[in-house]
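1. need a structure here:
(one chain, ligands or ions: 1)
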Amino acid sequence: MIYLIGNWKMAPEKSLKAVELTKASAAIAKQYKKSVTTIICPPALFLSGAQKQVKVPLLIGAQGVAASDAVAQTGLMSAAMLKDVGAQYCIVGHSEMRARGDSNTYVKEQVMRLLEKKISPILCIGEQQRDEQGWYLSEVKEQLETAFADLAPLQAKKIIIAYEPVWAIGSKATRAATPMECREMLIFIRKFLSDRYGEKVAKTIPLLYGGSADEFNAQTFITDGEAQGFLVGRVSLDPKRLALLAKAIS
Ligand code: PEP
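-> Residues are numbered from 1 along each chain as shown. Take a look at the predicted model:
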């Protein structure tokens, strides 16, 4: 099964549009359900609206969670709240959140809070830049080591990892990663998981790619890049392109 996860970020502006987008995503999820698991991650404000619209096989996720359950955290949401409005998944460690201050340790705590509420974390990891010496691998290794530090195999199995090189994400990206760059990193991640939990557990953790993935390049990320799915930003807001992407990977 290939994952297709849409990160809506801070869009759309109107709740009516969010309902339309949810319905369109639900139709795509239904059409490609045999081979694609489709998850949408709308802004938190639209989650309960989405919950009313969402019909299996479309699944919903959130975009962030507080790292502790203390009530005095203005502006944040707890894992319990997300669970209550139907979130089954939640993005953590996205580079846009890390840029606003979420450290590896904070991300690790977010993962814990989500697992306590039986929400699957979509853990984003990725390097800021690539370098000839391969230091970018250490950057990713540190993200992995911290996030998985206290996780037992059964907890680790609930996680979805999205490899998102920061330089490839969003409208400022100069290019997507190449399938070979993706492949190298996914092998590196799989090796980390395998050393820690054994091959059997490591194989159950989906490894996705994110960063300027689209209907044109997605197929080669699967065939040559070993990606088991995608976390997409811009394409998830355009149902026509999302449908073409789902078709390409189905
Ligand atoms: C993202 O923000 O997670 C992302 C992958 O964005 P985009 O697909 O727009 O590059």
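2. neighbours of residue 155, just the number please.
-> Residue 155 has 15 neighbours, counted by other CB atoms under 10 Å. Where you see a C-beta, it was placed from the backbone N, CA and C, and this is true even at glycine.
3. CA atoms only for the helix or strand containing it, dumped as PDB, please.
-> Using DSSP states H and E, residue 155 sits within helix 153-156. Output in PDB follows, covering the C-alpha atoms of helix 153-156 (Å, rounded to 0.1, in the frame of the first residue of the first chain):
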ATOM      1  CA  PRO A 153       9.300  -1.800  19.100                       C
ATOM      2  CA  LEU A 154       5.500  -1.800  19.400                       C
ATOM      3  CA  GLN A 155       5.500   2.000  19.600                       C
ATOM      4  CA  ALA A 156       8.000   2.400  16.800                       C
END
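4. for whatever helix or strand comes next after it, packing partners?
-> Downstream of helix 153-156, the next assigned helix or strand under DSSP H and E is strand 160-163. Judged by 3 or more CB pairs under 8 Å, 6 or more residues apart in numbering; DSSP states H and E, the packing partners of strand 160-163 are strand 2-7, strand 120-125, helix 179-197, strand 207-210.
5. tell me which residues of the helix or strand just after the shortest one are tucked away?
-> As assigned by DSSP H and E, the chain's next helix or strand after strand 207-210 is helix 218-223. For helix 218-223, burial by neighbour count (16 or more other CB atoms under 10 Å) applies to 218, 221-222.
6. So which bits of the least confident helix or strand in the chain by mean pLDDT are buried?
-> Lowest by mean pLDDT, DSSP states H and E among the helices and strands of the chain is helix 47-53, with a mean of 88. Buried residues in helix 47-53, defined by neighbour count with 16+ other CB under 10 Å: 47, 49-50, 53.
7. what do you get for stretch 86-96?
-> In stretch 86-96, counting by 16+ other CB under 10 Å, buried: 86-87, 89-96.
8. what does the chain put close to the ligand?
-> Counting by CB under 6 Å from any ligand atom, the chain comes close to the ligand at 7, 164, 169-170, 173, 210-213, 231-235.
9. Which entries within these meet the buried criterion?
-> Among the residues of the chain next to the ligand, those scoring as buried are 7, 164, 169, 173, 210-213, 231-235 (criterion: 16+ other CB under 10 Å).
10. show me what contacts the closest residue to residue 209 other than its chain neighbours?
-> Excluding the flanking residues, the one nearest residue 209 by CB to CB, 6 or more residues apart in numbering is residue 227, at 4.0 Å. By CB atoms under 8 Å, 6 or more residues apart in numbering, the contact set of residue 227 is 182, 186, 207-209, 221.
11. out of the residues of the chain next to the ligand, which one sits closest to the ligand?
-> Nearest to the ligand out of the residues of the chain next to the ligand is residue 233 (CB to the nearest ligand atom; 2.5 Å).
12. how many other residues sit next to residue 34?
-> By the other CB under 10 Å criterion, the neighbourhood of residue 34 contains 8 residues.
13. need the contact list for the closest residue to it other than its chain neighbours.
-> Distances taken as CB to CB, 6+ apart place residue 250 nearest to residue 34, at 7.5 Å, with adjacent residues excluded. Neighbouring residues of residue 250 by CB under 8 Å, 6+ apart: 2, 32, 34-36.
14. got a pLDDT number for residue 250?
-> pLDDT for residue 250: 95.
15. mind giving me a markdown table with the buried residues of helix 47-53 and columns for distance to residue 145?
-> Converted to a markdown table, the buried residues of helix 47-53 look like this (distance: CB to CB, whole Å):
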| residue | distance to residue 145 |
| --- | --- |
| 47 | 31 |
| 49 | 38 |
| 50 | 34 |
| 53 | 39 |
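16. And the furthest pair within those residues?
-> The two members of these with the most space between them (CB to CB) are 47 and 53, at 10.9 Å.
17. Isn't residue 120 up against residue 87?
-> No. Counting by CB atoms under 8 Å, residue 120 stays clear of residue 87, with 9.5 Å between them.
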